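>>> no sequence on hand, only this structure:
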């Protein structure tokens with residue numbers, strides 16, 4: 001890989017900001033479409049309020065993409081970058097108890113595992129074994145990291161009081177830089193230098209992280225700056241202007257407009273709580289199906305309007321009553337799994353798992369995150385265009401195909417209908433006879449994957465010779481971000497203090 005990712009952040013004291021993203025990589029080939037690339041980046045980015053100044057071009061054998069992205073919360077920003085996610089460019093911002101702005105790597109400071117207690121002679125006997133482990137990973141590291149350069153520059157609204165694992169550029173700016181070829185140089189030394197192997201084996205960190213510890217200035221980044229709530233720029237004004245400019249660009253180039261941020265979830269409340277004070281996965285002791293002590297909160301709220309689908313939910317902040325950060329380290333653990341819509345589409349509810357000792361929890365200062373929902377405009381009735389209703393017949397709309405049509409008995413007929421469309425867009429299916437009379441048909445089930453769905457129906461009564469299958473399909477489906485949050489609540493969701 002020969003890729004440079006350069007992110008230049010300007011932060012306000014409340015964690016909002018803008019970032020100029022510059023991605024420079026190898027020529028993607030003759031079939032490359034810059035407009036499709038930009039649309040993909042806009043549509044698949046997370047936590048962005050507005051885009052501005054997008055450009056994408058290939059020149060001198062290199063692909064260069066540049067854009068400005070505005071975000072309401074640094075912790076929620078994730079860029080698609082051709083499907084390559086580099087965790088070392090994920091950061092979060094918060095205010096400490098003194099009111100200072102703290103910016104740090106999203107994973108934060110990890111609790112180091114215990115180091116090796118074996119003697120040097122015992123460790124030397126395992127040197128070949130350790131080198132074999134790294135040799136297995138070497139090919140991947142060379143391919144993935146060898147030509148990777150990651151640069152993150154931060155401009156903050158107040159004077160920098162602390163800059164850890166970054167280079168201070170001036171009183172209000174600092175920069176983090178990672179170059180993969182430097183890590184490979186240490187890996188090459190590791191394969192030859194026994195003393196270096198011993199240092200790595202004694203390091204509490206494991207694998208490539210231990211090697212990164214040998215690199216100057218590497219590790220979780222942290223900036224502490226004075227300024228509290230101060231703003232570096234007028235966020236709302238610039239976002240409004242950027243959206244207006246982007247609308248014109250999107251219309252002229254046919255770009256995706258990406259998700260919009262809607263009003264937040266209303267009437268947010270905790271409707272159920274599960275407290276597990278004792279559990280032990282090693283002993284297979286899992287009360288309430290939990291393998292570790294934890295609290296599981298079911299959060300519920302009212303959406304700004306009816307939704308077709310709740311695609312995703314993610315935690316952006318989680319702090320106990322004293323303000324201690326309880327947000328999980330990894331993106332996977334910050335995801336809220338299996339969020340649900342109420343039947344009418346107007347409500348959402350989901351479980352938040354707090355992996356902490358319940359006996360030490362008096363409540364929560366903050367629970368905050370983001371839902372991603374699909375919302376449709378008006379629906380239209382579409383004749384699927386079958387010439388005849390029979391097994392194997394293909395329609396003219398949505399790739400429609402009758403996978404099965406066969407009698408179950410004298411009064412009922414089984415129909416399996418496949419469509420190349422997202423399941424949630426199909427609001428109704430009707431079997432209409434020649435004179436417009438609707439034939440009774442009940443849905444028995446369905447199977448769906450991405451933009452493909454197969455419905456299973458039972459047709460009641462005799463199947464008419466001439467009939468049409470008409471689907472009611474949602475139009476103008478848009479994606480919206482819906483923020484949610486609760487502050488100063490106890491374990492049952494009641495106000496604290």
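Nice, thanks for sending it over. In this text, all values refer to a predicted model and were calculated from it rather than measured experimentally.
>>> which SSE is residue 238 in?
Per DSSP states H and E: residue 238 is located in helix 235-253.
>>> for that helix, the distance to its chain's centre please.
Centroid separation between helix 235-253 and its chain, computed with C-alpha atoms, centre = their mean, to the nearest Å, is 24 Å.
>>> from the middle of its chain, how far away would whatever helix or strand comes next after it be?
Sequence-wise, the next helix or strand downstream of helix 235-253 (DSSP H and E) is strand 260-261. In terms of C-alpha atoms, centre = their mean, the centre of strand 260-261 is found 15 Å from the chain centre.
>>> name the helices or strands packed onto strand 260-261?
strand 478-489 (3 or more C-beta pairs under 8 Å, 6 or more residues apart in numbering; DSSP states H and E). Every residue, glycine included, has its C-beta placed from N, CA and C.
>>> please name every helix or strand in contact with the strand it packs on.
Packing partners of strand 478-489 (3+ C-beta pairs under 8 Å, 6+ apart): strand 260-261, strand 266-276, strand 294-302, strand 364-375.
>>> need these in CSV (columns: mean neighbour count, mean pLDDT and distance to residue 220).
Below are the helices and strands packed on strand 478-489 laid out as CSV (neighbours: other C-beta atoms under 10 Å; pLDDT from 0 to 100; distance: least, C-beta to C-beta, whole Å):
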stretch, mean neighbour count, mean pLDDT, distance to residue 220
strand 260-261, 14, 82, 29
strand 266-276, 15, 95, 29
strand 294-302, 19, 95, 24
strand 364-375, 22, 92, 22
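>>> so what's the nearest residue to residue 74 once chain neighbours are set aside up against?
Setting aside the residues directly before and after it, residue 74 is nearest to residue 93 in space (C-beta to C-beta, 6 or more residues apart in numbering), at 4.3 Å. Residues near residue 93 by C-beta atoms under 8 Å, 6 or more residues apart in numbering: 11, 15, 17, 73, 74, 75, 101, 102, 103.
>>> is it true that the last one lies in a helix?
No: under DSSP: H, G, I helix; E, B strand; the rest coil, residue 103 sits outside any helix and is assigned strand.
>>> tell me the bridge partners for it.
Beta bridges link residue 103 to residue 93, residue 223 when assigned by DSSP bridges.
>>> distance check, it against residue 12.
According to C-beta to C-beta, to the nearest Å, residue 103 and residue 12 sit 12 Å apart.
>>> how about the fifth one?
Using C-beta to C-beta, residue 74 is found at 10 Å from residue 12.
>>> please enumerate the helices of this structure.
Assigned by DSSP state H, the chain shows helices spanning 34-44, 120-124, 127-144, 180-190, 194-202, 208-212, 235-253, 331-334.
>>> how big is the angle separating the longest one from helix 34-44?
Here helix 235-253 points in a direction 140 degrees away from that of helix 34-44 (axes from the mean of the first three to the mean of the last three C-alpha atoms, to 10 degrees).
>>> of residue 103 and residue 12, who's got more company?
Set residue 103 next to residue 12 and count neighbours by other C-beta atoms under 10 Å: residue 103 wins out with 25 against 22.
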